[in-house]
Structure formats: C-alpha cells, structure tokens
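Chemist: What follows is a predicted protein model with its sequence.
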Amino acid sequence: MQTGPRNLITDVSGLMVGNAQDDAIKTGSTVLLADRPITCGVSVMGGAPGTRETDLLAPDKTVQQVDALVLSGGSAFGLDAASGVADALRAQGRGFAVGDQTVPVVPSAILFDLMNGGDKDWSENPYRALGRSALKAADTSFDLGTVGAGTGATLASHKGGLGSASLVLPSGHTVGALVAVNALGDATPDGAHFWAAPWEIGGEFGGFGIVPGPQTNWPTTKLAAHNTTIAIVATDADLTQAQCTRMATAAHDGMARALVPSHTPMDGDLVFAASTGSLPLADPVSDTLWIGHAAATCLARAIARGVYLATEAAGDTRPCFIATKR
C-alpha cells in the first residue's frame with residue numbers, strides 16, 4: 001500500500017479540513033467537511049467521553065448521514081464548537097430537512113486541555129467562534145502539529161498535536177485518518193522512538209526506527225492529567241452506517257499501537273468513521289476487511305505525525321518531541 005498524494009485524510013475525494021485556534025488560550029477546533037452529506041459511524045472505547053450527537057450514529061437510528069464532524073479542545077466547553085459549525089451550515093442551507101426547517105447534523109467530540117498553561121479566564125465561551133472559523137478555513141490542504149484541536153494537546157512526556165495520514169489500497173479505495181492526540185500515556189517509550197514506527201511510511205515522522213530491545217518498562221509508563229485522543233477515519237468506499245461503525249472499531253487498533261496506555265477509564269478515546277460512498281465495493285467481505293486494517297494503520301501513523309510535528313510555544317507545560325531530539 002502507498003500513501004495518497006497529500007498523505008492527509010483529504011486524499012479521500014470530496015473531503016476538506018479546517019483548523020482554527022487561539023494561541024493565548026492554547027486550544028482550538030478542527031472541522032471535517034464534505035461536499036455532500038456523508039455516512040458516519042462511531043466507536044467509543046475510552047471511559048470518559050465528551051460528545052455531541054453520537055447516539056444518532058448507531059446503525060438503527062433514523063438519520064444515516066451527517067453534514068460535518070468536529071474535533072475540539074476545551075473539554076465540555078468545546079462542544080459549543082459544533083454549534084458554530086451548525087449555525088454556518090444552516091445559513092448555507094445545508095442540513096436534514098424537517099418540515100420547513102433545515103437542521104445540520106454535526107456530531108463532535110472533545111478533549112481535555114484546560115490545564116496546559118494557556119489563559120482560560122474567558123468571559124464568553126470561545127468555541128462557537130472557533131468552530132465557525134474552522135469551517136470557513138476548510139480546504140483540501142491543511143497544517144498538522146500545533147494547530148486546530150491539537151493546539152493545546154499534550155501527552156505524559158511531550159506536546160501532542162493534530163495528525164493525519166492516508167493509504168491507497170490495491171482495490172483502489174482510499175482511506176485516511178485525522179486525529180487530535182491528547183493522550184493519558186505516551187506515543188514513545190523512551191523519547192527517541194515511536195510506538196507506531198513499524199507502520200511508518202517514508203520517514204513521515206522522522207524515520208527513527210522501531211523501539212530497540214524488549215519492552216518491559218510498562219509499570220513505569222508516565223501518565224498525564226490531560227487526556228482523550230479523538231479521531232476520524234474516512235474512506236471513499238461505499239459503506240453503510242453499520243460498516244462505518246465496524247471501520248471505527250477496527251481503527252481503534254491503531255490507537256492502541258501508537259499510544260501506551262490507551263482506552264483507559266480516565267480518557268474519552270473515540271473514533272468517528274465516515275464514508276463518502278463514491279467508490280463501490282467489489283467484494284464486500286474482503287474490501288471491508290482491508291479498509292478496517294488500513295484505517296488502523298493510518299490512525300497509528302497519524303498519531304505519531306501529530307506528535308512529531310508539534311511546535312514550541314510560550315508557556316508550554318511539555319516539550320515538543322522534536323525538541324528533545326536536538
């Protein structure tokens with residue numbers, strides 16, 4: 001398998017991503033938008049999620065497609081980013097038709113970044129405006145690292161960040177991942193190598209190689225007070241909502257490959273899965289198997305990229321990974 005031309009989730013045709021952040025607060029929001037409604041599922045494996053409209057994504061629910069997905073910092077306050085996105089989409093006439101009203105469907109998830117050194121003494125919730133700005137910025141090209149929902153993200157030992165990666169399968173389907181990495185644990189056991197290294201393609205997160213020797217240090221793994229890694233995986237394969245849900249579940253393997261520990265009682269680790277539906281499945285059994293595997297692989301790589309590409313800023317409570325390699 002090879003990456004798409006951008007090595008971003010927007011290699012899935014029809015998708016765009018927008019970021020907005022407030023560097024003083026050390027937080028931000030990220031929006032994934034499509035040129036038309038997309039089929040979506042979700043899998044939550046952390047014990048403390050913060051979400052909006054995720055119940056709607058179960059395969060037995062009435063609404064099968066969404067208008068946008070939002071990842072945001074800000075803990076519960078960050079859920080308001082989806083309100084800004086919904087307002088803007090409604091003004092564009094996009095949404096689920098209910099009588100003479102149009103209601104945009106914008107599921108979202110948040111991470112906890114309220115103790116990362118930023119100025120949180122706001123008088124008005126900033127996330128509605130951040131969501132609106134992120135939507136306005138949506139494009140096929142976007143930055144990674146200390147941007148959007150990854151602006152204030154941290155791990156136990158390093159800064160986190162926004163990551164993305166893609167793969168093109170032999171079947172012709174494209175799969176991509178987008179993630180805000182704000183883990184309870186770490187993406188590296190030793191500050192020099194990434195857990196995700198076995199899945200790296202072309203030195204996309206430094207080419208430092210796999211962790212040398214047996215790994216027996218798990219009892220001393222550091223834990224952070226700031227937590228939750230939230231992600232989106234997407235494909236152009238024509239999937240049902242049930243198949244999207246299965247794709248999201250499979251993608252969690254990528255989170256476990258790249259972050260130790262993951263899926264703990266104290267985080268809200270979550271994966272959305274989206275299908276633009278533009279390319280049919282030739283073999284529903286085989287194709288969905290490999291799409292799930294690709295989603296996990298992309299997510300592991302995207303996590304490492306988000307950490308690797310994080311940049312330094314005043315007031316940081318954690319160093320950047322790359323700074324510790326100097």
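Modeler: Looks like it arrived, so ask away. Residues are numbered from 1 along each chain as shown.

Chemist: So residue 32: helix, strand or coil?
Modeler: Under DSSP: H, G, I helix; E, B strand; the rest coil, residue 32 falls in the strand class.

Chemist: out of everything not next to it in sequence, what's closest to it?
Modeler: Spatial nearest neighbour of residue 32, chain neighbours left out: residue 69 (4.5 Å); criterion: C-beta to C-beta, 6 or more residues apart in numbering. Every C-beta, even on glycine, is put in place using the N, C-alpha and C of the backbone.

Chemist: ok, so what distance separates that neighbour from residue 124?
Modeler: As judged by C-beta to C-beta, to the nearest Å, residue 69 and residue 124 stand 25 Å apart.

Chemist: again with residue 78
Modeler: In terms of C-beta to C-beta, residue 78 sits 14 Å off from residue 124.

Chemist: cool, residue 26 as well?
Modeler: 17 Å.

Chemist: One more: residue 302?
Modeler: The spacing between residue 302 and residue 124, counted by C-beta to C-beta, is 33 Å.

Chemist: Specify which residue of these two has the higher count of neighbours.
Modeler: Taking other C-beta atoms under 10 Å, residue 302 and residue 124 do not tie; residue 302 has more neighbours (34 against 6).

Chemist: Now do the SS call for the more buried one.
Modeler: helix.

Chemist: I figured it was touching residue 177, is that so?
Modeler: Yes: using C-beta atoms under 8 Å as the test, residue 302 is close enough to residue 177 to be in contact (4.2 Å).

Chemist: okay, and the common contacts of the two?
Modeler: Common neighbours of residue 302 and residue 177, counting by C-beta atoms under 8 Å, 6 or more residues apart in numbering, are 163-165, 231, 254.

Chemist: I'd like to know which of those residues are part of helices.
Modeler: Secondary structure defined by DSSP state H assigns residue 254 of the shared contacts of residue 302 and residue 177 to helices.

Chemist: what about this protein, any weak spots by pLDDT?
Modeler: 213-226, 325-326 (pLDDT under 70).

Chemist: Mind telling me what element residue 242 is part of?
Modeler: helix 241-258 (DSSP states H and E).

Chemist: Now do the strands for the stretch 101-250 of the chain: every range, in order, please.
Modeler: Remark: strands assigned in the stretch 101-250 of the chain by DSSP state E, counting those that start in this stretch are 101-103, 108-110, 161-168, 174-181, 230-237.

Chemist: Using JSON lines, lay out those strands together with distance to residue 54.
Modeler: Below are the strands of the stretch 101-250 of the chain laid out as JSON lines (distance: least, C-beta to C-beta, whole Å):
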{"stretch": "strand 101-103", "distance to residue 54": "16"}
{"stretch": "strand 108-110", "distance to residue 54": "7"}
{"stretch": "strand 161-168", "distance to residue 54": "21"}
{"stretch": "strand 174-181", "distance to residue 54": "16"}
{"stretch": "strand 230-237", "distance to residue 54": "11"}
